[in-house]
Structure formats: C-alpha cells, structure tokens
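Peer 1: Curious how this folds, go ahead:
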Amino acid sequence: MEGKNMTPHNSKIPVSLYQWLLEQPAEEQEKVVSELFYYDILNISDMIDLVNDEIITPLEDNCPTIHSILWYGSIITQLVDDSDWNPKGIYHYDSMVGIITDTGVWEIELLSGAWNNASTPSFKVELHGADKTHNVCIDAVSKKELPVGDRLATLVLACWNDTETAKIVDTFAHAMGTPPPNTDPAIATCPNCGILNNNFDYEVGHTMCECQRIYDCPTCDRMQFSGHGQCSSCVANYA
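Peer 2: Okay, here's the model as predicted:
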C-alpha cells in the first residue's frame, strides 16, 4: 500500500490502524493505546499529522490518553502557526519534538517509560547550544496525575517559553547559563544593606531586615534601629 493509505513517517504502518484505534470505545482504547505506542507500533507525531490533515477523524468520546494526545496535537498546531523561525520555530517527527528559541534548540524525546507506570524516565530533554549540548533533568508531573499528552505539552510550552521557565526551574537556568531562580520567596537580599536574610519582605521592604529592626536599649529603654546592646548615648555615658 502506498500514498494516503500509509503514514507519512512510517510507511510500514497503515493509516487504518490509527483510525481503528480512534473508533474504539474509550474503555477499549485505554486497554491497547499504551501498548501500541510503547512498542513503537504507532507514534504521536504521525497521529497528530493525520488528524490535522483530516486523513483520520477522532470521535467525541476518547479515553484520557487519546484525549491528551489530541490536546497536545492542538498545542503543536498552534505553536506551528505562531512560529516564524525568527527567532522561534518548532518541528516534530516520530517521538521527537524540537523547539527553536534565542537560546538554542530544545529537543524533547518521548521515551518508552512514558507509557507505563514504572519508575523509568518518561522524557529526555536536551538543549543544543552553539558549542555544547546540555542534558536537562526535569519531570513534568507524576505519571499518575496527568496522561502523557498533557505532560508532553507542559514540557513543550516550558521550552518554548524558556526564558520565563528558567526563572523558576533551576535545571533550565543552569543549561541556559542564567542565575538560578530564588526558590524561597522569604529569602532575599536586602537592598539597604546587601545582606541575604530571612526577614526581608517584598511588600514591606527592607524595614523587615535586621539592619532596620527596632530594638530597646536595656539601660534607658530608648528605641534604637541597630544593635542588640545599649544605645549609643548610654554607651557614651558609661564609657
């Protein structure tokens, strides 16, 4: 079989197998979908292209895994429409999706572990720069919380918006060569004294820092702004 009867990337897989999967009742889909993708009999990229090209037609009622793959496909389609390759672009094939940004080329590979509940990696994320490739360690979310398409879409959007992601994900920041994110909002550098402290408050300002804390002099009960001992007047009087 040739032409429209075969998928664009894998000429050994007939389109009819994808259509057959989409036509099954949701409970039957869930029983077989992971096996078909786990053993690379089917792949997400082909399914997305076939749906977008209206070669196959999904039904209204799909299992969570199929529904998440179709939703991921809608995200890819939107990014392709938004992509002008200057500076951003996106491509996908088989179990791979690549995102082009000012930083470099992000590549996300869907691993077999994404299709089972074993404690094996679901994705491989790499950033290809001008002279170095970084393996970025990241886990989108627990396998039990979201199906594979949702998790994959989360990673794609994280890479697409890599500058913002690096502000909250330290492994992205490390790969991109940017300062690590401040993971504890209660800890910050006081703009008054420059000391890293636990008492700084973004809304209140540096008045919460130790450098501006008000203390009582143990001798005369005067309030003072620094130090824990006597105020400067008492120190001078008793000197």
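
Peer 1: which residues sit in contact with Ala158?
Peer 2: Counting by C-beta atoms under 8 Å, 6 or more residues apart in numbering, Ala158 touches 138, 140, 165, 169, 172. To be clear about C-beta, it is placed using only N, CA and C from the backbone, and glycine gets the same treatment.

Peer 1: neighbours around the closest residue to Gly129 other than its chain neighbours, how many?
Peer 2: The shortest distance from Gly129 to any residue other than its chain neighbours is 4.3 Å, reached at Gly104 (C-beta to C-beta, 6 or more residues apart in numbering). Gly104 has 19 neighbours, counted by other C-beta atoms under 10 Å.

Peer 1: In contact with Gly104, which residues?
Peer 2: Counting by C-beta under 8 Å, 6+ apart, Gly104 makes contact with 127-130.

Peer 1: Swap in 10 Å and give it another go.
Peer 2: 126-130, 132-134, 162, 175-176 (C-beta atoms under 10 Å, 6 or more residues apart in numbering).

Peer 1: Buried ones only from those, please, as a PyMOL command.
Peer 2: Restricted to buried positions by 16 or more other C-beta atoms under 10 Å, the PyMOL selection for the contacts of Gly104 reads:
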select buried, resi 126+127+134+162+175+176
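
Peer 1: mind checking how far the residue nearest to Gly129 is from Gln19?
Peer 2: 38 Å (C-beta to C-beta, to the nearest Å).

Peer 1: Please apply the same query to Lys167.
Peer 2: Distance, Lys167 to Gln19, by C-beta to C-beta: 43 Å.

Peer 1: Now do the contacts for the closest residue to Thr77 other than its chain neighbours.
Peer 2: Closest residue to Thr77 apart from its sequence neighbours, by C-beta to C-beta, 6+ apart: Asn52 at 5.9 Å. Counting by C-beta under 10 Å, 6+ apart, Asn52 touches 73-74, 76-77, 80.

Peer 1: For Asn52, give its distance to Leu36.
Peer 2: Asn52 is 20 Å from Leu36, where distance means C-beta to C-beta.

Peer 1: tell me the secondary structure for Ile55?
Peer 2: coil (DSSP: H, G, I helix; E, B strand; the rest coil).

Peer 1: Pretty sure Pro14 is one of the things it touches, is it not?
Peer 2: No. Using C-beta atoms under 10 Å, Ile55 and Pro14 do not qualify as a contacting pair, with a distance of 11.4 Å.

Peer 1: where does the protein dip in pLDDT?
Peer 2: Scanning the chain for pLDDT under 70 picks out 1-12, 139-144, 182-218, 221-239.

Peer 1: quick one: the helices in it?
Peer 2: 15-23, 26-38, 44-52, 64-82, 148-160, 162-165, 170-176, 232-238 (DSSP state H).

Peer 1: Including distance to Asp94, could these go into TSV?
Peer 2: As requested, those are arranged in TSV below (distance: least, C-beta to C-beta, whole Å):
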stretch	distance to Asp94
helix 15-23	14
helix 26-38	11
helix 44-52	6
helix 64-82	14
helix 148-160	13
helix 162-165	23
helix 170-176	24
helix 232-238	73
